[in-house]
Structure formats: structure tokens, C-alpha cells
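**Q** Mind folding the following:
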Amino acid sequence: MSGISLRGLNWFNALSGGAPAFAGLPPSLRVADIALGRLLTVVADPDNRFPRARQGEVGLLEGWGLAKAVDDAVVADRDQAHKRALIAIVDVPSQAYGRREEALGIHQALAGAADSYARARLAGHPVIALLVGKAMSGAFLAHGYQANRLIALRDPGVMVHAMGKASAARVTLRSVEELEALASSVPPMAYDIDSYASLGLLWETLSVAQTEQPTAEDLARVTECLKQAIADVSSAGLGGRLGAANRAASSRVRELLRAQW
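**A** Prediction:
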């Protein structure tokens with residue numbers, strides 16, 4: 001397990017407080033119901049039958065498994081006035097890149113997970129994402145990005161981007177150092193949480209003492225923030241993400257589309 005992040009697993013264990021994880025899901029998923037709602041996270045599984053998804057990546061099993069866990073909550077709460085919150089604990093380094101994944105439709109698996117989260121949100125379930133580690137590429141789109149409220153821990157290990165630095169360097173024909181220099185003036189190119197927050201996508205950032213293994217005080221602070229985020233959800237839409245100065249162009253484009261449609 002050397003080099004594999006345990007942040008998602010550690011925060012799941014802390015927040016679940018010993019609640020039993022659901023059976024019948026892939027070993028790379030942890031799902032449990034607690035007083036706040038349903039916790040969901042993707043964890044490393046060194047024995048995953050798909051080798052490209054052994055370090056916490058979101059692959060075929062993870063995408064369909066997340067979709068099932070979310071859909072089950074939607075079905076169970078369909079006739080309930082109070083819809084349980086869905087809390088996605090996010091520590092995902094990437095989607096699973098591999099020939100088998102492509103051949104077996106990873107695009108459908110990840111789209112299925114994203115669709116389930118979106119339908120749950122539109123059905124009235126508060127969807128909250130807690131970023132405790134990496135939130136990268138299609139993995140984040142499938143697990144967390146559809147949330148009404150995004151919360152991130154303030155830590156250098158919490159990063160959000162479309163791809164890892166080495167991959168981005170290859171695609172853009174630049175060195176990692178050149179990309180880092182560019183990121184200092186172009187927030188969407190950066191990986192740090194402050195740059196991501198400047199895009200208006202985060203509802204809150206939190207500083208904790210132990211990001212890797214939360215203390216009792218860390219757990220209490222994050223739990224209180226989750227409660228506030230759930231209570232703050234007043235609509236199923238995501239329009240609140242467009243208020244930041246760095247999203248002014250996005251807001252303007254939407255205004256023009258509405259006027260001309």
C-alpha cells in the first residue's frame with residue numbers, strides 16, 4: 001500500500017463512527033448510513049480485478065457501484081418528505097485508464113455515477129462533497145462534482161484538476177516547471193485549493209490539524225460544517241457556483257444564451 005492515499009478511508013472511518021459499511025459493493029467502495037446521511041467514498045483496492053483501478057481510481061466497478069448506492073437511496077426515500085443527504089468523501093487520483101476499461105465502457109460507468117448524483121440532487125437530496133485529497137479528472141466528475149455544496153480541507157495534498165501534472169505537461173508539450181509558472185497567473189491551470197476556490201466552486205474551505213488521520217477536534221469541526229452545508233441547501237440547482245470574479249465570463253455567456261435561445 002506504499003504511496004497509496006488512505007485519506008478517503010480514514011475520513012470515512014472517522015465520520016461513520018463504526019457504522020457498518022454496506023455489503024454487496026466492490027471492495028473499493030465504502031458506503032454507510034449515519035445520522036447526517038449516506039457516506040460514500042472510493043478507496044484503494046490492491047486486489048481489484050482491474051489493475052488500473054488499484055490505487056483509488058474510479059473505474060468500471062466503482063462507477064456502477066456508486067450509481068447503485070446513490071440510486072438505492074433515491075428509491076428508498078422516494079415517498080419521504082425528508083430526503084437523506086448524500087456525502088461524497090473525495091480522494092480520487094484519476095479515472096482508471098486502460099484498454100479493458102475503454103472496451104467495457106468506462107465512459108458509461110462514470111456517466112452513470114454522475115447521472116445518479118445529479119438525479120438525486122434534483123429529487124431533493126442534499127448532495128455534499130468533502131474534498132480530503134485529490135479530486136482529479138473524470139473521477140471527480142463521477143464522484144463529487146455534482147454536489148450542491150463543495151467543501152475542501154485546506155492542505156497541499158488537496159488538489160483539483162483535469163489531469164495530473166505529468167500528463168498535463170505531455171498534452172501541452174510543456175515541462176512541469178513551465179506549467180507551474182503558468183498556473184501562477186491562470187487559476188484554472190493551477191492545482192492548489194486557493195486557485196480552485198477563486199473560481200467560485202467551493203462553498204467552504206476548512207483547516208484541520210491532521211488531514212491524513214483526523215483528530216477528535218478535526219472530526220467535530222468537519223461534522224459541524226457538513227451539518228451547516230446540508231442546512232444551507234435550498235434548491236436543486238448549481239447556479240451559486242457562478243458568483244466569483246473569475247467566473248464573470250461564464251456568467252455572461254449564460255446570460256447571452258438565455259437571451260438568444
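**Q** tell me the strands in the stretch 1-150 of the chain, going along the chain?
**A** 29-33, 37-42, 85-92, 127-136, 149-153 (DSSP state E, counting those that start in this stretch).
**Q** I'd like those strands as CSV, with distance to A114 appended.
**A** (Glycine included, C-beta is placed from N, CA and C.) Shown next, in CSV, are the strands of the stretch 1-150 of the chain (distance: least, CB to CB, whole Å):
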stretch, distance to A114
strand 29-33, 16
strand 37-42, 13
strand 85-92, 11
strand 127-136, 11
strand 149-153, 15
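**Q** residues near G17, how many?
**A** By the measure other CB atoms under 10 Å, the count of residues near G17 is 11.
**Q** Same check on A35?
**A** Going by other CB under 10 Å, the residues that sit close to A35 add up to 9.
**Q** how close does it get to A168?
**A** According to CB to CB, to the nearest Å, A35 stands 40 Å off from A168.
**Q** Run through the residues that contact K68.
**A** L25 (CB atoms under 8 Å, 6 or more residues apart in numbering).
**Q** Swap in 10 Å and give it another go.
**A** Counting by CB atoms under 10 Å, 6 or more residues apart in numbering, K68 touches 22, 24-26, 29, 31, 112-113, 116.
**Q** And the closest residue to W64 other than its chain neighbours, what's its pLDDT?
**A** Leaving aside its chain neighbours, W64 sits nearest to A109 (5.1 Å; criterion: CB to CB, 6 or more residues apart in numbering). Here the pLDDT value assigned to A109 is 97.
**Q** same question, the one 10 residues further on
**A** Among the per-residue scores, R119 shows a pLDDT of 97.
**Q** returning to that earlier point: double-check the residue nearest to W64 against G63; I have them as touching.
**A** Yes. Between A109 and G63 there is a contact at 3.1 Å, judged by CB atoms under 10 Å.
**Q** wait, doesn't R52 sit right on G98?
**A** Yes. Counting by CB under 10 Å, R52 does reach G98; the two are 3.7 Å apart.
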